[in-house]
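# From the sequence below, what's the structure:
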Amino acid sequence: MHLVLRLHRGLRRRPRALTMLRAGQAVPRFGTALGRGITVGELEMAALSCGLTGLANRMRFTGEVKRLLAAGDALAVVTVGIVGFRRISNTFGYDIANQLVVAVSRILEDDLTDGVRLVARLEEDTFALLLEGEMVPRAEALAQKVASVLSGPVKLTSMSVELRVRAGVGISDASLRAEEGPTLLRWAEMALTRAADTISGHAVYDADVDRALRRRLLLMGEVRQALDHEDFEMWFQPKLELASGRVVGAEALIRWQHRELGFIPPDEFISLAESAGMISEISEQVVEMVVAARRKLTLVHPAAASLEIALNLSPTDLLDVGLPARLQRRVEAAGLPTAMLGVEVTEEAVMTEWDMVIGVLSDLAERGFPIYLDDFGTGYSSLSYLRRLPATALKIDRSFVQHLAGDASDLTIVRSTIDLAHDLGMEVVAEGVEDQESYDLLREFHCDLAQGFHMGRPMPLDDFGAWLGDADRLRALLGHETSAPVEPEGTVTPVEGVLQDPVSPGRRI
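Numbering: from 1, shown residues only. This is a model prediction of the structure:
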């Protein structure tokens, strides 16, 4: 789910309780407080409240859960977390981050009153709702309502800026036989951690969540070790020019073969690296590996001298204003032109903090790096931002291409996207090309480049080098004119996908 933030002047509401205890202020000493007219009751309330928002704090929330459990009441705990809060705080400062916290607390307190006994702020970016009685079976419905309520504009005090962050929701209830308040709350927080990996954005604590989080904790340390031991490797999936059938580049995809656990999907370990603050280190290793691979390809296979290799950048990378200069220095130190290293970014990453990201992308473009807008059509596509984006090409998401020949709607979308991109001066890459009919249709629509299993799966560097040696035969098999002989029927060829990837490409970096 996504939380759209619109920041405006003069719209801040003061917290309704204990405004004298602001974030960063110390609680007054007992004697001094009484001397200033602060009552014992106010001091007790201060100890159980969040000074910034006036909501209950963890201590008060846990105490209320324990009391209701002891009374045998039916209850459930719903946790709500703002994903990307640390990035917002680092980018815009504590004041904006605190305004966001206050605004979200007001929404949770004012708009979700039905069946909610207590709202608390547990941590800087995490809230909790206590449900009781007949509301408990509807906890999942409340999670969906939270998503709906937080999907609209949130008004804050400050400059006019629009941000997009994601929120997750975790659920646990007393039917799981939690005997103590902290246990029920901890389960909801564990479900919240799991929610970040779900499509719906919410998760209910159960045995599967417990197993998944145990694996997550195990892998968190393993990712650190993999970084230190340089266990990650890059695989390469070719990109073909549809007009000629020639190989013009490849996308670099990170892979991790764990010594004991086997293949770890990129979706799994990249999200871990992001949450643990290790994604920038992984990106640095990726750059080193891709540049080294690009040099090796040129030395081993002269035909690769003109190939462009593209790597994927994370949302965190796109907030690093020093990235473009570092990339340029690294590429030029290897004796390569910047045009030989492309960068791929998703729509979601671009829209996270638009103004900062567009500055970094513009800097990359000015230095000669090709820029690809990845997974186009699945995020926040709009003409207003597309015309301002310094992109070299759009990559049509595989979901529109995989069934191109059999779906009239996909045909229309793909053809219109190609025309739109060309009108804006961009090239188009079609991802997920898995059959000859789709390949031929894309040629007919004047799509520029194609990428997919039909031409070549992701493969290790050495296999990619060998694959390049078969490129002429592949062109013939794809229906292009070539002087290379076509192998007899029944012979295994690259186009039949003999280089198997242990998993579909999944998330890229």
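# From Ser399, how far off is the residue nearest to Val300 when sequence neighbours are not counted?
Once flanking residues are discounted, Val300 sits nearest to Gly465: 5.5 Å by Cβ to Cβ, 6 or more residues apart in numbering. Using the backbone N, CA and C atoms, a C-beta is placed for each residue, glycine as well. Relative to Ser399, Gly465 is positioned 31 Å away (Cβ to Cβ, to the nearest Å).
# ok, the two, which is more surrounded?
Gly465 (18 against 14; other Cβ atoms under 10 Å).
# so where does the more buried one fall, helix or strand?
helix 461-469 (DSSP states H and E).
# buried ones in that helix?
461, 463-465, 467-468 (16 or more other Cβ atoms under 10 Å).
# Can you name every helix or strand that that helix contacts?
strand 233-241, helix 279-300 (3 or more Cβ pairs under 8 Å, 6 or more residues apart in numbering; DSSP states H and E).
# Give me the pLDDT value at the residue nearest to Gly168 when sequence neighbours are not counted.
Computed as Cβ to Cβ, 6+ apart, the closest residue to Gly168 that is not its neighbour in sequence is Ala195, at 3.7 Å. Looking at Ala195, its pLDDT reads 78.
# Is Ala334 in contact with Arg294, as I believe?
Yes - between Ala334 and Arg294 there is a contact at 7.4 Å, judged by Cβ atoms under 8 Å.
# So between these two, which is more surrounded?
Arg294 (23 against 14).
# Name the nearest residue to that one, ignoring sequence neighbours.
Distances taken as Cβ to Cβ, 6+ apart put Ile309 closest to Arg294, at 5.1 Å, once the chain neighbours are dropped.
# so that neighbour, which of the three states?
strand (DSSP: H, G, I helix; E, B strand; the rest coil).
# ok now do it, which residues does it touch?
Residues near Ile309 by Cβ atoms under 8 Å, 6 or more residues apart in numbering: 236, 249-252, 290, 293-294, 340-342.
# which stretches of the stretch 301-450 of the chain aren't confidently modelled?
Under the criterion pLDDT under 70, the flagged ranges of the stretch 301-450 of the chain are 352, 378-384.
# Repeat the analysis, applying 90 as the threshold.
Within the stretch 301-450 of the chain, the segments meeting pLDDT under 90 span 301-306, 315-316, 319, 346-357, 375-389, 399, 402-403, 405-409.
# Strands of that one, start to end?
With DSSP state E, counting those that start in this stretch as the criterion, the stretch 301-450 of the chain has strands at 308-312, 341-346, 371-376, 393-396, 427-431, 449-451.
# List of residues touching the second one?
Meaning strand 341-346. For strand 341-346, contacts defined as Cβ under 8 Å, 6+ apart pick out 249, 251, 290-291, 294, 308-313, 318, 327, 331, 357, 361, 364, 369-375, 379, 392, 395, 508.
# State the number of residues packed around Lys296.
14.
# who touches the closest residue to it other than its chain neighbours in this structure?
Nearest non-adjacent residue to Lys296, counting by Cβ to Cβ, 6+ apart: Leu461, 6.8 Å away. Residues near Leu461 by Cβ under 8 Å, 6+ apart: 234-236, 293, 296-297.
# among these, which two are most distant?
Spatial extent of the contacts of Leu461 (Cβ to Cβ) is set by the pair Trp235 and Lys296 at 14.2 Å.
# and Val80, what element?
Applying DSSP H and E, one finds Val80 within strand 75-83.
# Just the CA coordinates for that strand, please, in CSV.
Extracted as CSV, the C-alpha positions of strand 75-83 are listed here (Å, rounded to 0.1, in the frame of the first residue of the first chain):
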residue,chain,number,x,y,z
LEU,A,75,-8.8,-8.9,21.7
ALA,A,76,-6.4,-8.4,18.8
VAL,A,77,-3.4,-6.1,18.2
VAL,A,78,-2.8,-4.4,14.8
THR,A,79,0.5,-2.8,14.2
VAL,A,80,1.1,-0.2,11.5
GLY,A,81,4.5,0.7,10.2
ILE,A,82,5.6,3.5,7.8
VAL,A,83,8.1,2.0,5.4
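# picking that back up, just the CA atoms of the helix holding Gly465, as PDB, please.
C-alpha atoms of helix 461-469 as PDB (Å, rounded to 0.1, in the frame of the first residue of the first chain):
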ATOM      1  CA  LEU A 461      29.600 -14.500 -17.400                       C
ATOM      2  CA  ASP A 462      31.500 -17.400 -19.000                       C
ATOM      3  CA  ASP A 463      28.200 -18.800 -20.400                       C
ATOM      4  CA  PHE A 464      27.200 -15.400 -21.700                       C
ATOM      5  CA  GLY A 465      30.500 -15.200 -23.500                       C
ATOM      6  CA  ALA A 466      29.900 -18.600 -25.100                       C
ATOM      7  CA  TRP A 467      26.300 -17.500 -25.900                       C
ATOM      8  CA  LEU A 468      27.700 -14.500 -27.800                       C
ATOM      9  CA  GLY A 469      29.600 -16.900 -30.100                       C
END
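# Just the angle for that helix relative to helix 279-300, thanks.
Between helix 461-469 and helix 279-300, the angle comes out at 40 degrees (axes from the mean of the first three to the mean of the last three Cα atoms, to 10 degrees).
# Determine the next helix or strand in the C-terminal direction from helix 461-469.
Counting by DSSP H and E, what follows helix 461-469 is helix 471-477.
# Could you list the buried residues of that next one?
Within helix 471-477, the residues that count as buried by 16+ other Cβ under 10 Å are 471-477.
# and if you look at stretch 94-106?
96-106.
# Quick one: residues contacting Arg315.
Let me fix one detail, which is that residue 315 is Pro and not Arg. Counted by Cβ under 8 Å, 6+ apart, Pro315 has contacts 84, 87, 274, 348-349, 352.
# Tell me the one of those nearest Glu230?
Glu274 (19.6 Å).
# Angles on the backbone of the closest one, please.
phi -70, psi -50 (degrees, to the nearest 10).
# Quick one: neighbours of it, just the number.
20.
# One more: Gln436?
Around Gln436 there are 14 residues (other Cβ under 10 Å).
# That one and Leu253, how far apart?
Noted for Gln436: a distance of 24 Å to Leu253, by Cβ to Cβ.
# Repeat that for Gly425.
28 Å.
# out of those two, which sits in the busier spot?
The residue with more neighbours, out of Gly425 and Leu253, is Leu253; 22 against 9, by other Cβ under 10 Å.
# Need the contact partners of the helix or strand where that one lies.
Leu253 is part of strand 247-255, with elements assigned from DSSP H and E. For strand 247-255, contacts defined as Cβ under 8 Å, 6+ apart pick out 232-241, 263, 266, 270, 282, 286, 289-290, 293, 306-312, 342, 344, 449, 451, 458, 464, 468, 471, 505, 508-509.
# Mind giving me the PyMOL command for buried ones among the residues you listed?
This is the PyMOL syntax for the buried subset of the contacts of strand 247-255, where burial follows 16+ other Cβ under 10 Å:
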select buried, resi 232+234+235+236+237+238+239+240+241+266+270+282+286+289+290+293+307+308+309+310+311+312+342+344+449+451+458+464+468+471+505+508+509
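# Can you give the domain ranges for this structure?
Listed domain ranges for the chain are 2-10+61-205, 230-496 (source: automatic domain parsing).
# Show me the strands in the stretch 101-250 of the chain, by range?
Under DSSP E, counting those that start in this stretch, the stretch 101-250 of the chain gives strands at 116-123, 126-132, 154-157, 162-173, 202-204, 233-241, 247-255.
# quick one: Asp440 from Cys447, how far?
Separation of Asp440 from Cys447 (Cβ to Cβ) stands at 11 Å.
# Of these two, which one has the most company?
Between Asp440 and Cys447, counting by other Cβ under 10 Å, Cys447 is the more crowded of the two (26 against 15).
# Now do the phi/psi pair for that one.
The phi/psi pair for Cys447 (degrees, to the nearest 10) is phi -70, psi 150.
# Do I have it right that it meets Val428?
Yes - Cys447 lies in contact with Val428 (Cβ under 8 Å); the separation is 5.1 Å.
# That concludes my questions; thank you for your assistance.
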